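Student: structure for this input, please:
(one chain, ligands or ions: 1)
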Amino acid sequence: MSVDADRDDRDLEGELASANAGRRGIPVDAICVGCGRTHVKRASPEEMDQHPQVDPTTLEATDCTSFKHVCYRCGGTEWWNPIAVLTGLLEHERGEQE
Ligand SMILES: [Zn+2]
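Tutor: Residues are numbered from 1 along each chain as shown. The predicted structure follows:
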């Protein structure tokens with residue numbers, strides 16, 4: 001998949017851990033519609049028009065709607081289009097909490 005190829009030079013866990021990603025929600029790889037930048041963001045299921053209790057591992061990025069999140073390159077809140085649900089990072093997180 002092209003999405004995986006794009007990740008080769010990126011530190012997804014580092015992006016998720018950064019303040020830019022936000023603190024709560026499901027980790028998703030998303031693209032800013034303002035500047036085209038790709039960054040890991042956290043978004044709640046509600047923000048992506050999904051059921052609040054949805055199992056993130058069953059989520060498909062194509063089912064998720066755009067959500068608003070801050071973009072530091074744009075200098076404000078922008079719409080972000082989910083391109084991948086990062087369930088791998090989510091499971092990693094759960095593992096750390098147990
Ligand atoms: Zn932007």
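Student: what strand or helix carries residue 9?
Tutor: Taking DSSP states H and E as the definition, residue 9 sits outside all helices and strands.
Student: who's in contact with it?
Tutor: Listed by C-beta atoms under 8 Å, 6 or more residues apart in numbering, residue 9 has no contact partners. Glycine gets a C-beta too; all of them are placed from N, C-alpha and C.
Student: pLDDT score for it?
Tutor: Among the per-residue scores, residue 9 shows a pLDDT of 83.
Student: what's the answer for residue 34, then?
Tutor: Residue 34 carries a pLDDT value of 97.
Student: what about it, neighbour count?
Tutor: 15 (other C-beta atoms under 10 Å).
Student: any idea how far it is from residue 69?
Tutor: Noted for residue 34: a distance of 11 Å to residue 69, by C-beta to C-beta, to the nearest Å.
Student: SS state for the residue nearest the centre of the chain?
Tutor: By C-alpha atoms, centre = their mean, the chain has its centre lying nearest to residue 28, at 2.0 Å. Secondary structure, DSSP: H, G, I helix; E, B strand; the rest coil: residue 28 is strand.
Student: just to revisit the earlier point, identify the contacts common to residue 34 and residue 69.
Tutor: Residues touching both residue 34 and residue 69 by C-beta under 8 Å, 6+ apart: residue 78.
Student: and the nearest residue to residue 76 once chain neighbours are set aside, its phi and psi?
Tutor: Leaving out its chain neighbours, the residue that sits closest to residue 76 by C-beta to C-beta, 6 or more residues apart in numbering is residue 70, at 6.9 Å. When read as degrees, to the nearest 10, the backbone of residue 70 gives phi -70, psi 140.
Student: and residue 70, what pLDDT?
Tutor: Residue 70 is assigned 95 on the pLDDT scale.
Student: run through the bridge partners of residue 80.
Tutor: Following DSSP bridges, residue 80 is listed with bridge partners residue 32, residue 67.
Student: got a list of what it touches?
Tutor: Neighbour list for residue 80: 30, 31, 32, 33, 41, 43, 66, 67, 68, 69, 71 [criterion: C-beta under 8 Å, 6+ apart].
Student: thank you, goodbye.
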